[in-house]
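sharing a model that was predicted from the sequence below.
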Amino acid sequence: MKKRLLILEDGTVFTGTAFGSERASQGEVVFTTGMTGYQETISDPSFYGQIVTLTYPLIGNYGINRDDFESISPAIRGFVVRELAKTPSNFRCDLTVDEYLTAKDIPGIEGIDTRKLTRIIRSKGSVKAILTAADEEVNVDEVVAKLQATPAITHHVREVSPKAPYPSPGRGKRVVLIDYGMKHGILRELNKRDCDVLVVPYNTPAEEILAWHPDGIMLSNGPGNPEDVVEGIETVRNLIGKVPMFGICLGHQIFSLACGAQSFKLPFGHRGGNHPVKDLRTGRTDLTSQNHGYAIDIESLKDTDLEITHIALNDGTCEGVRHKKYPIFTVQYHPEASPGPEDSNHLFDEFIEMMEVEAGKGKQHA
């Protein structure tokens, strides 16, 4: 079995066993704490440009199946596990993780101390790294210098957003879904509620979106720094007050920036399916699925028309806002789960109800 190196920009070197693609790959190393749901993690577009570490020690025991993908093409740069199951056992299993990552040209490494790697990320923040073959030609000092000189990626959303609009038909409310790197679980939840959905690219102008006469607008999740999505912020700014909106994860951040708030990078992000979030309106605490490296600065909300509705109980960061004047609300976490708990799935019903209320107002004024 071939050996592979994971070299961090601080000079730390992990030696493990290679699986998946044989190519070298560079990216930002992050960790996620989910015990299950690795297939959804691999296929989540929000992981674009990242080498994903699973903190749960045994991964791959139920294989890869046809039903649990969150996108067609995975965007991760690498996969890091303590132990990879070679013979998965599940009635839905079609491929092993190794076979799937090989087919998708994504390298992986197993057999390293993932607890040590996680502690490094927790203490130093997300770090750049490279996965490469363990051979005599590898000069660690040169690799580290290259990593330190590599600028951060700023075009995440451009790479994972669709290039053209496409429909997902239904007979209910018409929803335009702005796709910044959407997990398909969001679209599934809208389709379950019979919404007539049009998915559009991140840089679609507001006037084009409004020309479809939507009952509501969904702002999807996605990867990277929200400040880099300049066209998206401008579009959302021009949509505020026109129709009801619901934003998730990056969509929450883009909406907040469009209203004048500010964002900042978290030390090591929130990733996993076990993050407690408190609803300040009801006092209820939900366990949530999360995957983000940035958050909205609570202090910056004071000079905006937004009010905070949810907070993270682990670190007190902003997990949701609501507009004071217009029917718009957003959350930092993933109510569609996939993977993770479905405690907050009711937010999709709130979105439907909000559209119905606004439609009723329109009929009264007609």
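Yes, it's here.

mind showing which ranges of the protein have poor pLDDT?
Applying pLDDT under 70 to the chain flags the ranges 363-366.

need the helices for it, in chain order.
Here the chain has its helices, by DSSP state H, at 38-42, 97-103, 114-124, 140-149, 156-160, 184-192, 206-210, 230-239, 250-258, 346-365.

these: which one's closest to S338?
helix 184-192 (3.5 Å; CB to CB). The way it works is simple: take the backbone N, C-alpha and C, and place the C-beta from them, glycine included.

in the closest one, which residues are buried?
184-187, 189-191 (16 or more other CB atoms under 10 Å).

before we move on, the earlier item: of all the helices of the chain, which one is nearest E307?
Shortest separation from E307 across the helices of the chain is recorded for helix 250-258, at 11.4 Å, computed as CB to CB.

between helix 230-239 and that closest one, find me the angle.
Here the directions of helix 250-258 and helix 230-239 differ by 70 degrees (axes from the mean of the first three to the mean of the last three CA atoms, to 10 degrees).

show me what helix 250-258 is packed against.
Secondary structure elements in contact with helix 250-258, counted by 3 or more CB pairs under 8 Å, 6 or more residues apart in numbering; DSSP states H and E, are strand 216-219, helix 230-239, strand 245-248, strand 263-279, strand 285-296, strand 318-323, strand 328-331.

buried set for the longest one?
Judged by neighbour count using 16+ other CB under 10 Å, the buried positions of strand 263-279 are 263, 266, 268-273, 275, 277-279.

which residues touch T33?
Shown in contact with T33 (CB atoms under 8 Å, 6 or more residues apart in numbering): 55-56, 271-274.

ok, it to F268 distance?
11 Å (CB to CB, to the nearest Å).

got the contact list for the spatially most central residue of the chain?
Nearest residue to the geometric centre of the chain (CA atoms, centre = their mean): S46, 3.3 Å. Counting by CB under 8 Å, 6+ apart, S46 touches 181, 183, 221-223, 249-250, 291-292.

can you redo the contacts of T33 as a markdown table with distance to V127?
Below are the contacts of T33 laid out as a markdown table (distance: CB to CB, whole Å):
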| residue | distance to V127 |
| --- | --- |
| T55 | 16 |
| Y56 | 21 |
| R271 | 15 |
| G272 | 19 |
| G273 | 23 |
| N274 | 23 |
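
what is the nearest of those to I42?
Set against I42, the nearest of the contacts of T33 by CB to CB is R271 (13.0 Å).

pretty sure that closest one sits against E28.
No - at 11.9 Å, R271 does not count as touching E28 under the criterion of CB atoms under 8 Å.

on that earlier part again, out of the helices and strands packed on helix 250-258, nearest to N139?
strand 263-279 (28.4 Å).

sheet-wise, list the partners of the closest one with their directions.
Next to strand 263-279 in the sheet, as set by DSSP bridges, lie strand 285-296 (antiparallel), strand 306-312 (antiparallel).

winner for burial among those?
Highest mean neighbour count of these: strand 285-296, a mean of 22 (counted as mean count of other CB atoms under 10 Å).

so it versus strand 318-323, what angle?
Relative orientation of strand 285-296 and strand 318-323, computed by the same axes, to 10 degrees: 80 degrees.

would you turn the helices of the chain into CSV with distance to V13?
Shown next, in CSV, are those (distance: least, CB to CB, whole Å):
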stretch, distance to V13
helix 38-42, 25
helix 97-103, 22
helix 114-124, 11
helix 140-149, 6
helix 156-160, 27
helix 184-192, 37
helix 206-210, 49
helix 230-239, 38
helix 250-258, 33
helix 346-365, 44
